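> Need the 3D shape of this:
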Amino acid sequence: MRRILFTVGTVAATLAISGCAAGVYRTNPTAESSTDPGGDRIVVTGNGVQRSIDCTGRDADVDGNALQVVLNGTCPTVRVSGHGNQVDIGTVGTIAITGSGNKVHWVAAQSGAQPSVEDTGDGNDVGRGTGAATTDTGKQPAPTPSEPTGNQGNTITGKYLTRTIACAGGDYLVTAMQSHIILTGQCATVEVRGLQDTVEVANATKVSVTGLQSTIVVGHADWISVTGTQDVVRYHSGNPRIDNTGDDSTVKQG
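Sure thing, here's the model as predicted:
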């Protein structure tokens, strides 16, 4: 069997040949960028990182927390595990999800009107999307300003961050890991998709929590939605609409 392992930054290849051919393209979670050198299967792992990859007819496995992955072109099968990941796919045949709080969007089905979806996880959002991925390998997706999403505004990503940011009425997406983020002023929608973060929100129209083991402190919000796992949300004032379908997550005033 031939096994190919690529590490971005210091590229290494290990080949062991015993009759069959199977390659793996594995991203490096600590690299700033990556170049796809080939392989029969794509594996994306890590926490709180972003990747854009051309599938070119290969299957893809996404396993991590708070990942943002764009898979352009055709991916026959995409498997997603972990928590709070955002996966956008150009063309796909089968989507298999075992994680929780993930968002998986596709542009086109490999055959038929829609791909086969196997969702054995909890609180996942799977459906047709536009703008994030393209069905053509190597091309950038066309902008879709008439259909804005939470991650088209301001994204905060990284590890072990300490940030204080003035919202000024904007949307914010937090996909960081073990970070302390303070959002002052008036925010529109704040989505917390990170891992073990502490996020303070002064004021927001909506606070959406899809992450894992994060603590969110809200001064005032009209709407608090929780689909994450083991998250804690505290709000100080008001009578917000509360939707808590998370796994072992709590929302309380205090």
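
> Need the per-residue pLDDT for G238.
Looking at G238, its pLDDT stands at 88.

> can you count the residues close to it?
Using other C-beta atoms under 10 Å, G238 has 13 neighbouring residues. (Each C-beta comes from the backbone N, C-alpha and C, glycine too.)

> Nearest spatial neighbour of it, chain-adjacent residues omitted?
H220 (4.8 Å; C-beta to C-beta, 6 or more residues apart in numbering).

> Do you know the pLDDT at that neighbour?
Per-residue confidence (pLDDT) for H220: 95.

> Pretty sure it sits against Y235.
Yes: H220 is within contact range of Y235, at 7.2 Å (criterion: C-beta atoms under 8 Å).

> Who has more neighbours out of the two?
Between H220 and Y235, Y235 has the larger neighbour count (other C-beta under 10 Å), namely 22 against 14.

> Can you give me every residue that contacts that one?
Contacts for Y235 (C-beta atoms under 8 Å, 6 or more residues apart in numbering) come out as 217-221, 224, 251-253.

> Swap in 6 Å and give it another go.
Neighbour list for Y235: 218, 253 [criterion: C-beta atoms under 6 Å, 6 or more residues apart in numbering].

> Begin at 7, not 1, for the rest of this chat.
Shifting the count to begin at 7 puts that one at Y241.

> Name the residues linked to it by a beta bridge.
On the basis of DSSP bridges, Y241 is bridged to V224, Q259.

> and if you look at V86?
Bridge pairing for V86 - DSSP bridges - gives V68, I103.

> Tell me how many other residues crowd it.
28.

> Quick check: it touching G70?
No: contact criterion C-beta atoms under 6 Å: V86 and G70 do not qualify, at 9.5 Å.

> Outline the domain layout of the protein.
Following automatic domain parsing, the chain resolves into domains at 30-134, 157-259.

> what ranges do the strands span in the stretch 157-260 of the chain?
Under the criterion DSSP state E, counting those that start in this stretch, the stretch 157-260 of the chain contains strands at 160-162, 168-172, 178-180, 186-198, 204-215, 221-232, 238-241, 247-250, 256-259.

> Please enumerate residues in contact with the third one?
Strand 178-180 is contacted from outside by 156-157, 160-162, 187, 196-198, 200, 205, using C-beta under 6 Å, 6+ apart.

> roughly how far is that strand from the heart of the chain?
11 Å (C-alpha atoms, centre = their mean, to the nearest Å).

> Kindly report the same for the last one.
Remark: strand 256-259 is offset 25 Å from the chain centroid, using C-alpha atoms, centre = their mean.

> low pLDDT regions in the stretch 157-260 of the chain?
Where the stretch 157-260 of the chain drops to pLDDT under 70, the residues are 157-159.

> go again using 80 as the cut-off
The stretch 157-260 of the chain contains residues with pLDDT under 80 at 157-159, 164.

> Same check on the stretch 7-156 of the chain?
Applying pLDDT under 80 to the stretch 7-156 of the chain flags residues 7-45, 53-56, 135-156.

> quick revisit: ok, and the most crowded of the contacts of strand 178-180?
G200 (34 neighbours).

> List the contacts of that one.
Contact analysis of G200 by C-beta under 6 Å, 6+ apart lists 72, 180-183, 217.

> Pick the one among those residues closest to R47.
The nearest member of the contacts of G200 to R47, counting by C-beta to C-beta, is A72 at 22.7 Å.

> Identify the residue nearest S220 in space, chain neighbours excluded?
S220 sits nearest to D203 (C-beta to C-beta, 6+ apart), 4.4 Å away.

> quick one: contacts for C61?
Each residue near C61 by C-beta under 6 Å, 6+ apart is listed here: 77, 79-81.

> how about JSON lines for those, with secondary structure added?
Output for the contacts of C61, formatted as JSON lines (DSSP: H, G, I helix; E, B strand; the rest coil):
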{"residue": "L77", "secondary structure": "strand"}
{"residue": "G79", "secondary structure": "strand"}
{"residue": "T80", "secondary structure": "strand"}
{"residue": "C81", "secondary structure": "strand"}
